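Chemist: this is a predicted model, with the sequence first.
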Amino acid sequence: MSTLFDHDKPIYLQIREKMEDQIVNDQLKEGEQAPSTNQLVSFYKINHATVSKGVNQLVEEGILFKKRGIGMFVAEGAKGVLVQKRKDAFVDDYIVGLVREADKLGITEKEIVHLIKEVKGSGSE
């Protein structure tokens, strides 16, 4: 197994996330051909079924689509779908907990914004 992968998460999910990252970061643009399953198997040196599982999830969700005999391509609107999905996950994973903890500690919305700006390095309002 490749050392490029985290042992705490299924590899097929990591393959999927790597492809999603490439789409979100514009390394793979909408309408462009995505790497084939065989190319991914060869690059990562992992089982074909593992790669297929991650890629097929993206196909099922409409992020990628297959052209018979040609390959897989990034669907129109895929980046927007992925960005929105990640924004929603960001809110669930970070913002909800942050707001709840801030409420417990009596931190105001204005203080939260100020702290975020400080952390980001702007420090100004």
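Modeler: Sure thing, it's come through.

Chemist: what lies in contact with stretch 39-52?
Modeler: Met1, Ser2, Leu4, Phe5, Ile11, Tyr12, Ile15, Pro35, Thr37, Asn38, Val55 (C-beta atoms under 8 Å, 6 or more residues apart in numbering). C-beta coordinates here come from the backbone N, C-alpha and C atoms, glycine included.

Chemist: next one: that stretch to chain centre, how far?
Modeler: What separates the centre of stretch 39-52 from the centre of its chain is 19 Å, taken as C-alpha atoms, centre = their mean, to the nearest Å.

Chemist: can you give me the pLDDT of Ser122?
Modeler: Looking at Ser122, its pLDDT reads 68.

Chemist: pop the domain breakdown of this structure in here.
Modeler: 11-76, 79-120 (automatic domain parsing).

Chemist: out of the ones you listed, deepest packed?
Modeler: domain 11-76 (a mean of 16; mean count of other C-beta atoms under 10 Å).

Chemist: would you turn the contacts of stretch 39-52 into JSON lines with distance to Leu64, secondary structure and pLDDT?
Modeler: As requested, the contacts of stretch 39-52 are exported to JSON lines (distance: C-beta to C-beta, whole Å; DSSP: H, G, I helix; E, B strand; the rest coil; pLDDT from 0 to 100):
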{"residue": "Met1", "distance to Leu64": "24", "secondary structure": "coil", "pLDDT": "45"}
{"residue": "Ser2", "distance to Leu64": "22", "secondary structure": "coil", "pLDDT": "50"}
{"residue": "Leu4", "distance to Leu64": "21", "secondary structure": "coil", "pLDDT": "79"}
{"residue": "Phe5", "distance to Leu64": "20", "secondary structure": "coil", "pLDDT": "88"}
{"residue": "Ile11", "distance to Leu64": "18", "secondary structure": "helix", "pLDDT": "95"}
{"residue": "Tyr12", "distance to Leu64": "14", "secondary structure": "helix", "pLDDT": "96"}
{"residue": "Ile15", "distance to Leu64": "12", "secondary structure": "helix", "pLDDT": "95"}
{"residue": "Pro35", "distance to Leu64": "10", "secondary structure": "coil", "pLDDT": "95"}
{"residue": "Thr37", "distance to Leu64": "11", "secondary structure": "helix", "pLDDT": "92"}
{"residue": "Asn38", "distance to Leu64": "15", "secondary structure": "helix", "pLDDT": "93"}
{"residue": "Val55", "distance to Leu64": "7", "secondary structure": "helix", "pLDDT": "96"}
